[in-house]
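[1] Requesting a structural model of the entry that follows:
(one chain, ligands or ions: 1)
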Amino acid sequence: MTKIDRTPTKNDFEHVTEWVFDLDNTLYPHHVNLFAQIDKNMTAYVSALLQMEQEEARKLQKQYYYDHGTTLQGLMIHHGVDPNDFLEKAHAIDYSALTPQPDLAEAIKALPGRKFIFTNGSVPHAQAAASALGILDHFDDIFDIVAADYLPKPAQATYDKFTALKKIETNKAAMFEDLPRNLTVPKALGMQTVLLVPRNLEETVVEWWEKTSGEDDHIDFVTDDLADFLKKITT
Ligand SMILES: [Mg+2]
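    Purely as a prediction, here's the structure:
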């Protein structure tokens, strides 16, 4: 019996006082597709930097993402790019697709304890996105790719740095993420783990889950509605 079959209860999160959220496709849903704009900016950046056609630049961008966890990490290693310049240009996007989410704001506010954003993006990007969603004020702190010395999740060292810096008791923590691989370390550290999946895809995910059963013990819960999930575990 996998935990995906269970509705979370308050019991499952009663011990949690440290709430850790990924940003992109977690605090706002996948279908908003904000990342498409960032993705385009990154392709343009690689194209300009290396004098490549869009298509070739895009291939290299994705290669660096797969090899190094972020395009930025690959660009720093192989081309010595200035990370600040890259982050600024990559995140020069239109945030108007994000609108205030009062239900989510209420749900986050109601969580007992500290709340963090832990992102492979930048602090200005996290602030802009969370602000557009109307949830920024409910977070205690943001840990970004700069604080992580540009070493992205799922690197163990980055979780260690985050938890040490913010003095997080990992066995009292819960982590919310849309990328399954980013939940492996949190689970090993003793956190409750929640996977965010795109809306209306839960059935697909359940099928996938059943087929791959046994390989995903690091994911405790799966949801396609963060506000609803948070309400279920606090009321
Ligand atoms: Mg994400």
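[2] alpha carbons only for contacts and neighbour counts from here, please
    Will do.
[3] Which helix or strand contains Tyr64?
    For Tyr64, the element it lies in under DSSP states H and E is helix 54-68.
[4] for the nearest residue to Glu18 once chain neighbours are set aside, phi and psi?
    Nearest non-adjacent residue to Glu18, counting by C-alpha to C-alpha, 6 or more residues apart in numbering: Ala173, 4.4 Å away. For Ala173, the backbone dihedrals (degrees, to the nearest 10) come out as phi -110, psi 160.
[5] Check for me that Phe116 belongs to a strand.
    Yes - assessed with DSSP: H, G, I helix; E, B strand; the rest coil, Phe116 lies in a strand.
[6] For the remainder of this discussion, apply numbering that starts at 18.
    Yes, from this point I'll number from 18; that puts the last item at Phe133.
[7] what does the model give Thr221 for pLDDT?
    According to the prediction, Thr221 has pLDDT 59.
[8] Mind jotting down where the helices sit in the protein?
    27-30, 51-67, 71-85, 88-96, 100-107, 119-126, 140-150, 173-182, 201-205, 219-228, 243-251 (DSSP state H).
[9] can you pull the buried residues of the longest one?
    Buried residues in helix 51-67, counted by 16 or more other C-alpha atoms under 10 Å: 51-52, 54-56, 58-64.
[10] and what of the first one?
    Judged by neighbour count (16+ other C-alpha under 10 Å), helix 27-30 contains these buried residues: Phe30.
[11] what sits up against it?
    Here helix 27-30 makes contact (C-alpha atoms under 8 Å, 6 or more residues apart in numbering) with 191, 209, 249-252.
[12] what's the answer for the third one, then?
    Contacts of helix 71-85 with the rest of the structure, by C-alpha under 8 Å, 6+ apart, involve 59-61, 63-64, 67, 87-92.
[13] re earlier: dump the residue contacts of the residue nearest to Glu35.
    Ala190 sits next to 33-37, 207-209 when contact means C-alpha under 8 Å, 6+ apart.
[14] What distance do you get for the residue of the chain most remote from its centre to Thr116?
    What lies farthest from the middle of the chain is Gln68; by C-alpha atoms, centre = their mean that is 31.1 Å. Look at Gln68 and Thr116: by C-alpha to C-alpha, to the nearest Å, they are 37 Å apart.
[15] I'd like to know how far Gln118 sits from Ala147.
    To Ala147, Gln118 is 10 Å away according to C-alpha to C-alpha.
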